[in-house]
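J.: Pasting a predicted model and its sequence here:
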Amino acid sequence: MNKTALILQHTPEERGGLFEEVLLELGWGLEVLPLFAGADLPPSLNGFGLTLVMGGPMSANQGKAYPFLRIKKETCSLILQ
């Protein structure tokens, strides 16, 4: 199993928190994607052993105000098929 975790970050304040600390202690690598800053999702999740989708103050239905939410929903459903 690949021991790299992908963290999808929606706001600068919402990182992996305790999950990050535990994963690092267990020897996992971390890749943090700041979606709020325009980072692109990878074409596949195959290179990751774990994906953490962090939260934020926004609603999943606020795609107009937060365009990365719409893109993430569309891309994630394609990746997971």
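T.: Everything's here; your move.
J.: Low-confidence regions, the chain specifically.
T.: Applying pLDDT under 70 to the chain flags the ranges 55-63, 65-81.
J.: hey, where'd the helices end up in it?
T.: 17-25, 67-79 (DSSP state H).
J.: quick one: buried residues of the first one?
T.: Across helix 17-25, burial judged by 16 or more other C-beta atoms under 10 Å covers 19-20, 23. (Glycine included, C-beta is placed from N, CA and C.)
J.: Provide the contact partners of it at residue level.
T.: 5, 7, 16, 30, 50, 52 (C-beta atoms under 8 Å, 6 or more residues apart in numbering).
J.: Counting neighbours, what do you get for the residue nearest to the fourth one when sequence neighbours are not counted?
T.: Think Leu30. The shortest distance from Leu30 to any non-neighbouring residue, by C-beta to C-beta, 6 or more residues apart in numbering, is to Ala5 (5.4 Å). Counted with other C-beta atoms under 10 Å, residues neighbouring Ala5 total 21.
J.: contacting residues for Ala5?
T.: Counting by C-beta under 8 Å, 6+ apart, Ala5 touches 16, 19, 23, 28-31, 48-52.
J.: out of the contacts of helix 17-25, who's nearest Gly38?
T.: Ile7 (16.0 Å; C-beta to C-beta).
J.: Look up how far Leu18 lies from that closest one.
T.: 12 Å (C-beta to C-beta, to the nearest Å).
J.: Repeat that for Trp28.
T.: 13 Å.
J.: Count the neighbours of Leu33 for me.
T.: Neighbour number of Leu33 under other C-beta under 10 Å is 17.
J.: hmm, I was thinking of Leu52
T.: The number of residues near Leu52, taken as other C-beta under 10 Å, comes to 18.
J.: I'd like the distance between the closest residue to it other than its chain neighbours and Leu45.
T.: Nearest residue to Leu52, sequence neighbours excluded (C-beta to C-beta, 6+ apart): Ile7, at 4.7 Å. Ile7 sits 12 Å away from Leu45, going by C-beta to C-beta.
J.: Give me the more crowded residue out of the two.
T.: Per other C-beta under 10 Å, whichever of Ile7 and Leu45 has more neighbours is Ile7, with 22 against 14.
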